[in-house]
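> quick one, fold the following:
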Amino acid sequence: MTTQTITNPNKTARIAGFLYLLLIPLGALGILYIPNALVVDGDMASTISNIQANETLFRLGIASAILAQLVNIAVVLYLYKVLAPASKVAGQLMVIFLLLAVPIAFVNELFHVAVLLILNGPEFLAAFTTAQIQVLVSFLLDLHAGGIFVAQIFWGLWLFPMGYMVYKSGYLPRIIGILLMIGCVGYVMDSFIFFLNPDFGVTVSEFTFLGEVCILLWLMVKGVNVEEWKKRNLASA
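Numbering: from 1, shown residues only. Coordinates of the predicted model:
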């Protein structure tokens, strides 16, 4: 084990916070807003019409979701530099959990790419009836929705070791660490609720996400207690 070679921990913390902030618009576009804006529940004909009429927007959603995963990689690496002095083992778990979600989310976007291939491919339009095209597109969109919940398990799990490190650090507020660990439970519960009872109708993470907002704002505005960070960094050597 060696100490983190950071000359300015507050600069690193603020970069981590800024990158974390970028995930909000990228995730909102690629995972929430664009799919919800184009997909009409129970009406695949209208959904397909929306996608064809707004293909650029649909492609923007794919690009945003992919870019969010690239930012995720940078976020977790910068957070590791900031938080590892509190617990290197927890830091390694944090990195592993989030990086496991990245390839799942990447592959998941292929389902949206496949939707475009079907709708823009004359060979598909010639080989299948309109009803069959609608079934195929519906199947791919459902797979994409399910894939998000698979990735979300890891988007939740990484928050627990992160929260633990914040709680144990001494250079960040303990309450944020507690909120992050609660956030982990919310995301994981939502994923398993989706697979066990998709009609449950309650999204737990809507009530447990506050820790993520708090940590990114704290890192950007306040940074870390530098003296305490240096003490923990030396002690972890």
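
> output the below-cut-off pLDDT ranges for the protein.
Low-confidence segments of the chain, defined by pLDDT under 70, are located at 1-5.

> can you give me the strands for it?
When assigned using DSSP state E, the chain turns out to have no strands.

> helices of that one, residue ranges please.
For the chain, helices defined by DSSP state H occupy the ranges 9-27, 34-38, 44-53, 55-83, 88-120, 122-127, 130-157, 159-169, 174-196, 210-221, 226-235.

> what's the first one packed up against?
It refers to helix 9-27. When contacts are defined as 3 or more CB pairs under 8 Å, 6 or more residues apart in numbering; DSSP states H and E, helix 9-27 sits against helix 55-83, helix 210-221, helix 226-235. (C-beta placed from N, C-alpha, C; glycine too.)

> how about the spatially most central residue of the chain, what does it touch?
Nearest residue to the geometric centre of the chain (CA atoms, centre = their mean): residue 155, 5.3 Å. Counting by CB atoms under 8 Å, 6 or more residues apart in numbering, residue 155 touches 98, 101, 187.

> tally of neighbours for the nearest residue to residue 6 once chain neighbours are set aside?
Once flanking residues are discounted, residue 6 sits nearest to residue 12: 5.3 Å by CB to CB, 6 or more residues apart in numbering. Neighbours of residue 12 under the rule other CB atoms under 10 Å: 20.

> mind listing what residue 12 touches?
6, 78, 81-82.

> for residue 46, same thing?
By CB under 8 Å, 6+ apart, the contact set of residue 46 is residue 40.

> any idea how far it lies from residue 223?
49 Å (CB to CB, to the nearest Å).

> ok, residue 80 next?
Taken as CB to CB, the span from residue 80 to residue 223 is 16 Å.

> looks like residue 18 contacts residue 221 (just checking).
No: the criterion here is CB atoms under 8 Å, and residue 18 misses it with residue 221 at 10.9 Å.

> quick one, which of those two is more surrounded?
For the pair residue 18 and residue 221, the greater number of neighbours falls to residue 18 (14 against 9), based on other CB under 10 Å.

> ok, the residue nearest to the more buried one when sequence neighbours are not counted - how many residues close by?
Nearest residue to residue 18 in three dimensions, chain neighbours excluded: residue 220, at 6.0 Å (CB to CB, 6+ apart). Applying other CB under 10 Å, we find 17 residues neighbouring residue 220.

> cool, and residue 217?
Residue 217 has 14 neighbours, counted by other CB under 10 Å.

> tell me how far the closest residue to it other than its chain neighbours lies from residue 68.
Take residue 217 and drop its neighbours on the chain: the residue closest to it by CB to CB, 6+ apart is residue 17, 7.1 Å away. Noted for residue 17: a distance of 16 Å to residue 68, by CB to CB.

> cool, residue 185 as well?
22 Å.

> who has more neighbours, the two?
Ranked by neighbour count (other CB under 10 Å), residue 185 and residue 68 place residue 68 first, with 22 against 15.

> check contacts around that one.
Neighbouring residues of residue 68 by CB under 8 Å, 6+ apart: 23, 26-27, 30-31, 105.

> who's in contact with residue 156?
Residue 156 sits next to 183-188, 190-191, 205 when contact means CB under 8 Å, 6+ apart.

> can you redo the residues you listed as a markdown table with distance to residue 110?
Putting the contacts of residue 156 into a markdown table (distance: CB to CB, whole Å) gives the following:
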| residue | distance to residue 110 |
| --- | --- |
| 183 | 28 |
| 184 | 27 |
| 185 | 30 |
| 186 | 28 |
| 187 | 23 |
| 188 | 25 |
| 190 | 23 |
| 191 | 20 |
| 205 | 25 |
